[in-house]
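Student: quick check, what structure comes out for this input:
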Amino acid sequence: MGFLTPPPMEPGDRVAVVAPSSGGARDAPHLLALGLDRLREVFDLEPVVFPTARQGDEFLEASPRARAADLHAAFCDPSITGVFATIGGWDALRILRYLDVERLRASPTRFFGMSDNTNVSLALWNAGVVSYNGAQLMNELAVPGELPGYTERYCRRAFFEESPGRLEPSAEWTDEPSTWWTNPEELDEIPNYEPNPGWRWAGGDDPARGRLWGGCRAIVEWQLATGRYLPEPDSLDGAVLALETAEDLPGPEDVAATLVSLGERGLLERFSAVLVGRPPGRSYLREPPREEREAYRERLYGRVVSEVERYDPTAPIVLGLDWGHTTPVAPLPIGGRVRIDPGDKGIVFE
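Tutor: Numbers count the residues shown, from 1 in each chain. As a prediction, the model looks like this:
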């Protein structure tokens, strides 16, 4: 089965807004409104809010079939050229038994989601459909202050071009926690950004090329634990693993355990390279001092490198991408082909 890259959207297109994971839009309607406004005003897209995006957690948790039905309806509507998830959560795994992936493949449409919605992207991988991990509506497009120029630039590529092309590090970044979820007035506040130290390279020195697989580390681990939705192992031969960590700030040993699980399943050795998003060191759940946050990232990077090298010693490893649970972000195409070249420090999507 070959991979399909859904056609790019165009300015003026209608795009769907759905909730495959949680009902955060009902809890924070100001964030939903800001995300819809940014689709309209920044990207000239016309959002169409599907029923699940208006529902709360009580309904959505009781109705995984309804969440899957909204995805089917959005993909199969010929007037819709893109599908945006509202927010993540912890429950999208439960919709996969109801997803008809062949139906989604028959109507390939660009999907944008991250965190818990990694489950949807990995289901689309199994269907041979490229999707984007990133550009999630409420926590990546509806960020406080103005939409970062870096996020806008790479979202435009993800929305309107065949591929993101060559990645470059952002000039600055932040993991500053915000309470915009419950305090709408904070949406006007500009976060405190800090200089970006850039990417860190480790592992093998030879160039690698393959299709991207992965997403949020916790969701990859849930997929490993469940087992039933994993791709055929042979389909991962030569692929590129992408992992990023969420706002629960997993310990470096937890990240290492995910990689060991991939290794003991005989999967980690199949990847030709590994890309790692910059880990947030603080969140609304916990805010350690700066020195502790920096030490946390160093320990996490060290465990990633040691475990990848244990199972896959020739794979180049790139750490600290602007992707995942920090700001700004470059959405990454899951299933898209990428070339990693340690020689010229290049990451290029083809």
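
Student: now do the helix-or-strand element of the chain with minimal mean pLDDT: which elements does it pack against?
Tutor: For the chain, counting by mean pLDDT, DSSP states H and E, helix 24-27 ranks last in confidence among helices and strands (a mean of 83). Packing partners of helix 24-27 (3 or more C-beta pairs under 8 Å, 6 or more residues apart in numbering; DSSP states H and E): helix 29-41. Placement of C-beta: from N, CA and C, glycine included.

Student: list the buried residues of the helix it packs on.
Tutor: Residues His30, Leu31, Leu32, Leu34, Gly35, Leu36, Arg38, Leu39 are the ones in helix 29-41 that count as buried (16 or more other C-beta atoms under 10 Å).

Student: and the least confident helix or strand of the chain, what's buried?
Tutor: Gly24, Ala25, Arg26.

Student: please list all residues in contact with Glu194.
Tutor: Glu194 makes contacts with Glu172, Trp173, Thr174, as judged by C-beta atoms under 8 Å, 6 or more residues apart in numbering.

Student: for the buried residues of helix 29-41, which one is nearest Glu292?
Tutor: Leu31 (29.1 Å; C-beta to C-beta).

Student: you'd agree that closest one is up against Thr182?
Tutor: No. Leu31 is not in contact with Thr182 according to C-beta atoms under 8 Å; the separation is 10.2 Å.

Student: thinking again about what came up before, CSV for the contacts of Glu194, including pLDDT and neighbour count?
Tutor: Listed next are those as CSV, based on pLDDT from 0 to 100; neighbours: other C-beta atoms under 10 Å:
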residue, pLDDT, neighbour count
Glu172, 98, 16
Trp173, 98, 23
Thr174, 97, 19
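
Student: name the nearest of those relative to Asp312.
Tutor: The shortest approach to Asp312 among those belongs to Trp173, at 27.6 Å (C-beta to C-beta).

Student: contacting residues around that closest one?
Tutor: Tyr193, Glu194, Asn196, Arg278, Asp322, Thr326, Thr327, Pro328.

Student: reformat these as a markdown table; add pLDDT, distance to Asp312 and secondary structure.
Tutor: Below are the contacts of Trp173 laid out as a markdown table (pLDDT from 0 to 100; distance: C-beta to C-beta, whole Å; DSSP: H, G, I helix; E, B strand; the rest coil):
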| residue | pLDDT | distance to Asp312 | secondary structure |
| --- | --- | --- | --- |
| Tyr193 | 96 | 34 | coil |
| Glu194 | 96 | 32 | strand |
| Asn196 | 97 | 27 | coil |
| Arg278 | 98 | 21 | coil |
| Asp322 | 98 | 24 | coil |
| Thr326 | 97 | 25 | coil |
| Thr327 | 97 | 30 | strand |
| Pro328 | 98 | 29 | coil |
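
Student: in ChimeraX, how would I select the buried members of these?
Tutor: In ChimeraX, this line selects whichever of the contacts of Trp173 come out buried by 16+ other C-beta under 10 Å:
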select :193,196,278,322,326,327,328
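
Student: what comes up buried for the lengthiest helix in the chain?
Tutor: If you go by DSSP state H, the chain has its longest helix at helix 290-311. Across helix 290-311, burial judged by 16+ other C-beta under 10 Å covers Arg293, Tyr296, Arg297, Leu300, Tyr301, Arg303, Val304, Val305, Glu307, Val308, Tyr311.

Student: pLDDT of stretch 212-229, averaged?
Tutor: The pLDDT scores in stretch 212-229 average 98.

Student: flag every buried residue along that stretch.
Tutor: For stretch 212-229, the neighbour count (16+ other C-beta under 10 Å) marks 212-224, 229 as buried.
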